[in-house]
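Student: How does the following fold in three dimensions:
(one chain, ligands or ions: 2)
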Amino acid sequence: MTTSARNPVRNRVRNHPDEILIGLVSISDRASSGVYEDKGIPSLETWLAGALKSPWRGETRLIQDDAATITATLIELVDEAGCDLVLTTGGTGPARRDVTPEATLAAGTKEMPGFGEQMRQISLNFVPTAILSRQVAVIRETPDHAALIVNLPGQPKSIQETLEGLRDASGAVKVPGIFAAVPYCIDLIGGPYVETNDDVVAAFRPKSARREAK
Ligand SMILES: Nc1ncnc2c1ncn2[C@@H]1O[C@H](COP(=O)(O)OP(=O)(O)OP(=O)(O)O)[C@@H](O)[C@H]1O
Ligand SMILES: Nc1nc2c(c(=O)[nH]1)N[C@H]1C(S)=C(S)[C@@H](COP(=O)(O)O)O[C@H]1N2
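Tutor: Residues are numbered from 1 along each chain as shown. Ligands and ions are numbered 1, 2, ... in the order given. Here you go, the predicted structure:
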């Protein structure tokens with residue numbers, strides 16, 4: 001068996017059948033113009049490195065808060081680069097330049113409202129201004145590929161908080177992080193079988209969908 005399988009998507013080679021390709025998009029006027037150092041992409045990479053047991057590869061983009069640029073970047077990452085999952089950070093607040101949710105909806109074929117609802121549930125435990133956070137998630141489907149695209153807030157520390165969820169003092173999960181639902185979502189849209197480190201975030205799948213049950 002070869003360890004390299006060609007995907008239907010142009011430019012895409014999986015180095016392992018279970019490898020997941022993840023687009024990491026930091027959307028920030030100031031970080032993309034060099035006013036401050038981007039902490040979005042490093043935070044995403046650090047969290048994923050600790051959370052994923054499966055092989056993964058990141059495709060990174062640092063862009064400004066411009067709706068057309070955001071939509072084009074998301075479409076390129078899914079249709080050209082062949083990403084299975086795209087995580088964005090930044091631009092989900094109420095300010096005039098915050099247009100990430102609208103630009104994400106424009107790239108999607110299906111909306112997945114549960115991700116935004118769950119993120120706001122988690123974030124309200126950290127800051128009351130979480131109700132200002134307009135994150136959305138979508139599936140983008142093309143004839144031969146599909147990907148999940150999820151907006152995360154812009155605060156670098158909120159990346160871990162929303163992906164991983166909230167624990168009590170004993171370490172028990174109080175509010176599950178959104179990443180718990182991501183591997184099964186990727187299964188359902190025809191992507192690779194993704195496994196996580198349970199001590200960071202336990203992925204949930206119905207019994208019939210678990211690999212060891214087959
Ligand atoms: N890429 C980033 N790197 C470091 N810090 C960031 C980044 N993006 C956002 N932040 C921090 O999180 C806050 C909220 O993020 P938000 O996406 O609303 O940014 P913003 O205020 O619109 O500014 P900008 O788009 O220039 O980052 C920012 O004010 C900034 O302190
Ligand atoms: N988990 C978490 N979510 C959070 C925050 C945070 O510190 N932690 N900051 C909030 C703040 S202050 C704002 S204004 C909104 C705006 O989202 P943005 O950072 O993408 O603009 O996200 C919110 N979500």
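
Student: Which residue ranges of this protein form helices?
Tutor: Using DSSP state H, the helices of the chain run over residues 29-32, 40-51, 67-75, 100-107, 113-123, 156-164, 182-188.

Student: From the chain's centre, how far out is the third one? Work that out for me.
Tutor: Pointing back at helix 67-75 there. 15 Å (Cα atoms, centre = their mean, to the nearest Å).

Student: Please see if that helix touches ligand 1.
Tutor: No: judged by Cβ under 6 Å from any ligand atom, helix 67-75 stays clear of ligand 1, getting no closer than 11.5 Å. From N, CA and C alone the C-beta is placed, and that goes for glycine too.

Student: how much does that helix deviate in direction from helix 100-107?
Tutor: Angle between the axes of helix 67-75 and helix 100-107 is 50 degrees (criterion: axes from the mean of the first three to the mean of the last three Cα atoms, to 10 degrees).

Student: need the residues of the chain near ligand 1, please.
Tutor: Within the chain, the positions adjacent to ligand 1 are 26, 28-31, 36, 38-40, 65, 90-91, 93, 95, 97-98, 154-156 by Cβ under 6 Å from any ligand atom.

Student: Which of those residues are buried? Put it as a PyMOL command.
Tutor: Buried residues among the residues of the chain next to ligand 1 (16 or more other Cβ atoms under 10 Å), as a PyMOL selection:
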select buried, resi 26+28+31+38+39+40+65+90+91+93+98+154+155+156
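
Student: just checking: which of the residues of the chain next to ligand 1 also lie near ligand 2?
Tutor: Among the residues of the chain next to ligand 1, the ones lying near ligand 2 by Cβ under 6 Å from any ligand atom are G90, G91, G93, D98, G154, Q155.
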